[in-house]
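Novice: Sequence plus predicted model, see below.
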2 protein chains.
Amino acid sequence: MAFVKLILQVPRSLFLANSIAVRRNVYCCARISETNVSDAVGKRRIIKGWVKALRNMKENVFIDVSDGSCSEHLQVVIPKSVKPSNLTYGSSISVEGDIAMGPNGRVELRAETISVVGECVVSDGYPFVPRKKYSQEYIRQYLHMRPRTNSFGSLLRIRDLATAAIGDHLRSRGFVGIHTPVLTSNDCEGAGEVFSVRPANEGLLKSMKKEGVSDEEAYFNTKVFLTVSGQLQLESVVRGLSKVFSFGPTFRAENSKSRLHLSEFYMIETEIAFTKNIEELAKEAELLLKSVTNYVFDKGASDLRIHGAPEPDWLHKTFDIISYDEAIKILEKNTDRLSLPLKYGESLSKEHELFLMHHTSGVPIFIVDFPKDSKPFYMKEASHDPTKAAAMDLLAPIVGELIGGSMREDNYDVLQSKLSSLTPNLDWYLELRKYGNVPSSGFGMGFERYLQTIMGIPNIKDTIPFPRWPHNCKF
Amino acid sequence: MAFVKLILQVPRSLFLANSIAVRRNVYCCARISETNVSDAVGKRRIIKGWVKALRNMKENVFIDVSDGSCSEHLQVVIPKSVKPSNLTYGSSISVEGDIAMGPNGRVELRAETISVVGECVVSDGYPFVPRKKYSQEYIRQYLHMRPRTNSFGSLLRIRDLATAAIGDHLRSRGFVGIHTPVLTSNDCEGAGEVFSVRPANEGLLKSMKKEGVSDEEAYFNTKVFLTVSGQLQLESVVRGLSKVFSFGPTFRAENSKSRLHLSEFYMIETEIAFTKNIEELAKEAELLLKSVTNYVFDKGASDLRIHGAPEPDWLHKTFDIISYDEAIKILEKNTDRLSLPLKYGESLSKEHELFLMHHTSGVPIFIVDFPKDSKPFYMKEASHDPTKAAAMDLLAPIVGELIGGSMREDNYDVLQSKLSSLTPNLDWYLELRKYGNVPSSGFGMGFERYLQTIMGIPNIKDTIPFPRWPHNCKF
């Protein structure tokens, strides 16, 4: 048994199961989310984190420490005798002591030993100084440091809470999550707003290139783009699993610097087989929005307080459904309050959408029955009106359109006649309708816009860790 | 109140809350996962799904129906009098009747009415025929139909179960999920194995191009690539949140057709601040692997049976840790059983990795202390040996390397000296070490390889809905 012998020659400390040092560390080193509670009083703890504030008093130094596990900071009381000289705002520390209830009823850690892990010399170019509030625009200049700020730390925790809640909710409704591809040879909506992709290595391209094929097509034998939507692929999978969703990055190569657009953003997309009408789909979308928001406001209360975000009133109200024609009528009656002209048949502008939100006092509203000509090839005609598409948009505060969905064209012949002129490469999509076909519908929700609307964040760039937009792709 | 009036004019059926039709539908239409259980016996149900098998008996037709909600099919008994003439294998149906216990103790639905939603004329080019087993290679030719097969339906459900379990486990360990960007201006590992990205629309490029800037840089003001790893960005975020992970698509522009490589694949990456040594990191990786696998085998038992995948023996064994030098010694003693030559200092080949797995009888093993020269710039030197990197690989059956991780170089000066010659554009990464710095470490696990190892799937292309590899990017 040569192998067993070899293993036995490995230093004892390398064996996890036997390593007392590792176990002790796991036992003693706690996170602030589990420490900053009255249950912990009387216990000994090692805390590691960053100094967020520092106050020199007569005999003690008080510091507020964050480790990013929650929005709360732990107050640490350090006798001046043990305070390291390089303990400053922004430095990382390791501190050991007992948890106690402070005189003001606040849990605190009474430090016996403390060491500075990494210094922070603010005057040496650190972009943040103590006790100063910064604008989001300022903080955004330092994307790599942004997660250290209280407000963006909170945003990241809420973003993750919502991510988990969306998956949990949809799975509880019987949806199966599908990783739809980022790389695609479809140019889904037919627009030119896509990014194209090829290997950076010219040598590789040359070695792979077949005769008569362009550089762009050399690697995959076809032009390849970054996905603008996983819908078409979900329509394939839904014909086996009945209810599916995807939640991943999508891309738009637009030259837009608006506060609502990113070049890379996240989208939740659902697809449901055997659906009868757009109202059924709207119901599913409304349920998702309310269920996830309810969860986020329940579990993320303290992080949401940092953003001053109150629970939305609409959580307990039913979302109405109006037709496009009715939305136009409302807007027509209020043209004196609108700067942009209104043209029947066109998409609503952001101003129009936000006016409707003002009109409903901020309660989201579904708009259905859009003029068919303004909508893409895959949408089905409304059963009661051949000039309309069986589509819906959900408008929400701050962002306007938050969710868009439709019944899909499931008639082979109708789809074929629409496709032939528009999109090559989509024979497979047509073929989905040929065997054991089903009616299906689905919606997509922009995840960053969702965070904007529930947290009241004006600029979408402040909802994603590393935003990409025209002329900006740092880090 | 003009608005209220308008809303009241909307047809009543458009109001979800009042729509009896919608409510009734939700009540009656059930999924097979909730129906194919003895609790449902005696209840009336509408089931919608696809015909997977059809047997004509004397008075009744028996069909097996799947709706993708679980691996089990529901047996439906149809009196010949109500059987539609176009009811065939592969067609989609809607069937209503009572749930009963069949004579063989199997739950069945006794159809009163049944309709074919979408026909399936197998002879008209449908790639699957009844009662035939197909190879994965055959099914892979029809990626858009693949989710309809029992085996791939099971794979997709297991994939989603594991996706959810990974998030749940890591969050329960205090990690915050971070969406690291797909588009990046870093070329992380310095290799040429990246895809580059630019808008497909030449007009847009022209309109955005600033003087002296190449086409490739026009949109973002910099060359932009598809990420090969979110590690560097996680190292930014971990300096605010202490424990973070990402789970998303990553890309490699390699010309590899191996059964273990894809051009687009999913990776779970973790980053942990204040870590002391590589063993602590290995412990976290081992815990993730066991916890998620345990959950998947608990909740996904019936889908795993379809793949003939038994619960791995290693679930209840400790993973050993051996050094690279020790691994080499084992291999050297067995050169007669290896076809590839062994050269000290180089990475292990797939054959070597799999031999080690054979050697441990399939129990995963960590290899640590790799020669430093074979490892990338961001890895820290092992504290006990300046010729070694504080890195680890976890080897697993079928795939060999499943997880790779390291302590990160956290010394500003050491990192600076490594960076200057190698990678421009990474000043921000260096700067992370300047203010409130912390030691950190992290690991990455290939998600598709994880599925291969627990499900015993030889080819990685059979673990992802729409695989992309050289010369293949369909759908």
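Specialist: That came in fine, so what should we check first? Numbers count the residues shown, from 1 in each chain, chains lettered A, B, ... in the order given.
Novice: Who are the contact partners of the residue in the stretch 301-450 of chain A that chain B sits nearest to?
Specialist: Closest to chain B within the stretch 301-450 of chain A is A:Asn437: 3.2 Å, counting by Cβ to the nearest Cβ. C-betas here are computed from N, CA, C, even on glycine. A:Asn437 sits next to A:239, A:410, A:412, B:92, B:117-119 when contact means Cβ atoms under 8 Å, 6 or more residues apart in numbering or on different chains.
Novice: Tell me how far it lies from A:Thr275.
Specialist: 13 Å (Cβ to Cβ, to the nearest Å).
Novice: same thing with A:Leu281?
Specialist: 6 Å.
Novice: Can you work out which residues contact both of the two?
Specialist: Contact criterion Cβ under 8 Å, 6+ apart; residues shared by A:Leu281 and A:Thr275: A:407, A:441.
Novice: With neighbour numbers in mind, choose between those two.
Specialist: Taking other Cβ atoms under 10 Å in any protein chain shown, A:Leu281 and A:Thr275 do not tie; A:Leu281 has more neighbours (26 against 22).
Novice: Give me the three-state assignment for the nearest residue to the more buried one once chain neighbours are set aside.
Specialist: Closest residue to A:Leu281 apart from its sequence neighbours, by Cβ to Cβ, 6 or more residues apart in numbering or on different chains: A:Ser441 at 4.6 Å. With DSSP: H, G, I helix; E, B strand; the rest coil as the basis, the three-state label of A:Ser441 is strand.
Novice: Pretty sure A:Ser441 sits against A:Thr275.
Specialist: Yes - taking Cβ atoms under 8 Å as the definition, A:Ser441 is a contact partner of A:Thr275 at 4.3 Å.
Novice: anything in contact with each of these two?
Specialist: Counting by Cβ under 8 Å, 6+ apart, the residues touching both A:Ser441 and A:Thr275 are A:281, A:407.
Novice: about what we covered before: list the contacts of the residue nearest to A:Leu281.
Specialist: Counting by Cβ under 8 Å, 6+ apart, the residues that A:Ser441 touches are A:271-272, A:275, A:278, A:280-281, A:390, A:405-408.
Novice: One more pass at 10 Å, please.
Specialist: A:238, A:270-278, A:280-282, A:284, A:379-380, A:390-392, A:405-408, A:410 (Cβ atoms under 10 Å, 6 or more residues apart in numbering or on different chains).
Novice: One more: A:Val213?
Specialist: A:219, A:221-222.
Novice: Neighbour count added to those residues, as JSON lines?
Specialist: Below are those laid out as JSON lines (neighbours: other Cβ atoms under 10 Å in any protein chain shown):
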{"residue": "A:Tyr219", "neighbour count": "28"}
{"residue": "A:Asn221", "neighbour count": "16"}
{"residue": "A:Thr222", "neighbour count": "16"}
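Novice: Between those residues, which sits nearest chain B?
Specialist: Checking the contacts of A:Val213 against chain B by Cβ to the nearest Cβ gives A:Asn221 as the nearest, at 4.7 Å.
Novice: Could you check how many residues crowd around the residue nearest to the closest one when sequence neighbours are not counted?
Specialist: Spatially, and ignoring its direct neighbours in sequence, A:Asn221 is nearest to B:His471 (4.7 Å; Cβ to Cβ, 6+ apart). A total of 14 residues lie near B:His471 under the criterion other Cβ under 10 Å.
Novice: ok, B:His471 touching A:Ser185?
Specialist: No - when contacts are counted by Cβ atoms under 10 Å, B:His471 is not listed as touching A:Ser185 (11.8 Å).
Novice: Now list whatever residues contact both of the two.
Specialist: Taking Cβ under 10 Å, 6+ apart as the criterion, B:His471 and A:Ser185 both touch A:217, A:220-222.
Novice: ok, which pair from the residues you listed is furthest apart?
Specialist: Greatest spatial distance in these: A:Glu217 and A:Phe220, 6.8 Å, computed using Cβ to Cβ.
Novice: what's the helix or strand where A:Glu216 lies in contact with?
Specialist: Applying DSSP states H and E as the criterion places A:Glu216 in helix A:215-218. Outside of helix A:215-218, the residues within contact range by Cβ under 10 Å, 6+ apart are A:185, A:196-199, A:202, A:204-210, A:222-224, B:200, B:470-471, B:473.
Novice: contacting residues around the residue nearest to A:Phe265 when sequence neighbours are not counted?
Specialist: Using Cβ to Cβ, 6+ apart and skipping residues adjacent in sequence, the residue nearest A:Phe265 is A:Glu448, 5.2 Å away. Residues near A:Glu448 by Cβ under 10 Å, 6+ apart: A:159, A:260-262, A:264-267, A:399, A:457, A:459-464, A:467, B:179.
Novice: and those residues, which of them are in strands?
Specialist: Secondary structure defined by DSSP state E assigns A:264-267 of these to strands.
Novice: Kindly check the end-to-end length of stretch A:416-427 for me.
Specialist: 9 Å (Cα to Cα, to the nearest Å).
Novice: Would you give the sheet partners of the helix or strand containing A:Arg110, along with the direction of each?
Specialist: If you go by DSSP H and E, A:Arg110 is part of strand A:107-118. Its sheet considered, strand A:107-118 pairs with strand A:74-79 (parallel), strand A:92-101 (antiparallel) by DSSP bridges.
Novice: Can I get the ones you listed in CSV including mean pLDDT and mean neighbour count?
Specialist: Shown next, in CSV, are those (pLDDT from 0 to 100; neighbours: other Cβ atoms under 10 Å in any protein chain shown):
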stretch, mean pLDDT, mean neighbour count
strand A:74-79, 97, 21
strand A:92-101, 96, 19
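Novice: Quick one: distance of the strand holding A:Arg110 to the chain centre.
Specialist: A distance of 35 Å separates the centroid of the chain from that of strand A:107-118, by Cα atoms, centre = their mean, to the nearest Å.
Novice: Can you name the next helix or strand after it?
Specialist: helix A:136-140.
Novice: For that next one, what is the distance to the chain centroid?
Specialist: Worked out by Cα atoms, centre = their mean, helix A:136-140 lies 19 Å from the chain centre.
Novice: likewise stretch A:105-120?
Specialist: That offset, for stretch A:105-120, works out to 34 Å (Cα atoms, centre = their mean).
Novice: List the buried residues for it?
Specialist: Within stretch A:105-120, the residues scored as buried using 16 or more other Cβ atoms under 10 Å in any protein chain shown are A:107-111, A:114, A:116-120.
Novice: Could I get the contacting residues of A:Pro397?
Specialist: A:312-314, A:354, A:357-358, A:360-364, A:452-454, A:456.
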